[in-house]
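Q: here is a sequence together with a model predicted from it:
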Amino acid sequence: MKILVTGGAGFIGSHTVVELHNAGFEPVIIDNFNNSKITALDGLRAIIGHDVRCYQADCNDVAALEGIFKTENIEGVIHFAAHKAVGESVAQPLSYYYNNLNSTVLLLELMEKYGIENFVFSSSCTVYGEPDALPVTEATPRKAATSPYGNTKQICEDIIRDHVRATPSLKAIALRYFNPIGAHQSAQIGELPLGVPSNLVPFITQTAAGWREKLTIFGNDYNTPDGTNVRDYIHVVDLAKAHVQALRLLQKQTTGQYYDVFNVGTGRGNTVLEVVKAFEKVSGQPLNYEIGARRSGDVEQIFASADKVNNIMEWTAQKTLEESLADAWRWQLTLKK
Ligand code: WQD
């Protein structure tokens, strides 16, 4: 079964390509390499043992996208390709709304035209905003997004939901990610932030590798055990495997018109300081960090209830925080500044 993976050369996309292959699916990538490197394809070849077909194109390029649907016998789509930097989305909202919304609508239109019935969407825990109660379940009300990026994820979920209601055969799942970290244990693929990382773990590993002078922890005056923010850090390979389980769940739906959402997290929360201490333990070296001012837009605490994804999608996170950080560190040590 051929699966089109948009953004398949990216961090989560590339790890999902590996797990799709391992599960007997045939992944086909479309990626414009705006936020990924073509070298990721070399890493995929090293892991999988052969080239993965990749179309260098933008998901908003109708001709290129339709050409793939005409050429390849695609039976499912996993849509990762999107702009995803919260801070950047505040500075460039139109670019985020156009890119993230238009690509989703275009994919759904072409899927309908070519009779493709299985759609997995990369959503985010940012759709919850600052939750009133923890852990968040899929029934937790979505609050007003705290950024245009988060808003695009909320709107895309609504687009998919409404389109499924109007399309008898379409089956779709939205996976709400928490905080993906780590790398494939082979260290052949991993996170490749372009420029200065905004996310915590790549900033930690780059600091430990001497690429950055020190980590600034954005605030330690929150109402949490040690004053720093709480997040649900999930190994990217666990997250990738969740996409395989989502496809299998869609394949089980025989009547079409299926839409559901799943939190994909460990069900555990860790503070920023706990992540730093765990990293120092796995790396065997102290990390240079300081406490700085809060970062605007950060929610104080969020972590998932994973009951629904555990029970219905038959998926449970396997990797610990320390295993994830050890894999992230091993990957970082292969990189050259
Ligand atoms: C985690 C914690 C920071 C950097 C983002 C996206 C979200 C999702 C996951 C896509 C926070 C603190 C960070 C630093 C720090 N991505 N931090 N110093 O903001 O939880 O979520 O990635 O779906 O949509 O918003 O992740 O890694 O940026 O921050 O103290 O240099 O680390 O304050 O508490 P975040 P993050």
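A: Here it is on my side, so go on.
Q: show me what residue of the stretch 1-150 of the chain gets nearest to the ligand.
A: Nearest residue of the stretch 1-150 of the chain to the ligand: S124, at 3.4 Å (C-beta to the nearest ligand atom). Glycine gets a C-beta too; all of them are placed from N, C-alpha and C.
Q: how about that residue, phi and psi?
A: The phi/psi pair for S124 (degrees, to the nearest 10) reads phi -150, psi 150.
Q: quick check, pLDDT for it.
A: Model confidence at S124, given as pLDDT, is 94.
Q: quick one: stretch 34-47 to chain centroid distance?
A: Taking C-alpha atoms, centre = their mean, to the nearest Å, one finds stretch 34-47 lying 17 Å from the centre of the chain it belongs to.
Q: with stretch 153-167 instead?
A: With C-alpha atoms, centre = their mean, you get 19 Å for stretch 153-167.
Q: near the ligand at all, that stretch?
A: No: using C-beta under 6 Å from any ligand atom, we find that stretch 153-167 stays clear of the ligand, coming within 7.4 Å at best.
Q: which one's the longest helix in this structure?
A: Counting by DSSP state H, the longest helix found in the chain is helix 93-113.
Q: what does the average pLDDT come to for it?
A: Here the average pLDDT along helix 93-113 is 98.
Q: try stretch 294-306
A: The average pLDDT within stretch 294-306 is 92.
Q: that one vs the ligand: in contact?
A: Yes: part of stretch 294-306 sits near the ligand under the criterion C-beta under 6 Å from any ligand atom, namely 295, 298.
Q: mind listing what the residue in the chain positioned nearest to the ligand touches?
A: Going by C-beta to the nearest ligand atom, the ligand is nearest to N229 of the chain, at 3.0 Å. Going by C-beta atoms under 8 Å, 6 or more residues apart in numbering, N229 touches 218-219, 222, 271-272, 298-301.
Q: quick one: the helices in this protein?
A: Applying DSSP H to the chain gives helices spanning 11-22, 39-48, 62-71, 86-91, 93-113, 148-166, 200-208, 236-252, 272-283, 307-311, 321-332.
Q: still on that earlier bit, show me the contacts for the closest residue in space to the residue of the stretch 1-150 of the chain closest to the ligand that isn't next to it in sequence.
A: The shortest distance from S124 to any non-neighbouring residue, by C-beta to C-beta, 6 or more residues apart in numbering, is to K153 (4.8 Å). By C-beta under 8 Å, 6+ apart, the contact set of K153 is 100, 123-124, 126-127, 145.
Q: one more: N32?
A: For N32, the contacting residues are 56-59, 81, by C-beta under 8 Å, 6+ apart.
Q: now swap in E130 and tell me
A: Contacts for E130 were tallied using C-beta under 8 Å, 6+ apart; they are 143, 146, 299-300, 302.
Q: filter those residues to the buried ones?
A: 143, 146, 299, 302 (16 or more other C-beta atoms under 10 Å).
Q: close to the ligand: what parts of the stretch 201-337 of the chain are there?
A: 203, 215-218, 229, 231, 272, 295, 298.
Q: in PyMOL, how would I select just the buried ones from these?
A: To isolate the buried members of these in PyMOL, using 16+ other C-beta under 10 Å:
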select buried, resi 203+215+217+218+229+231+272+298
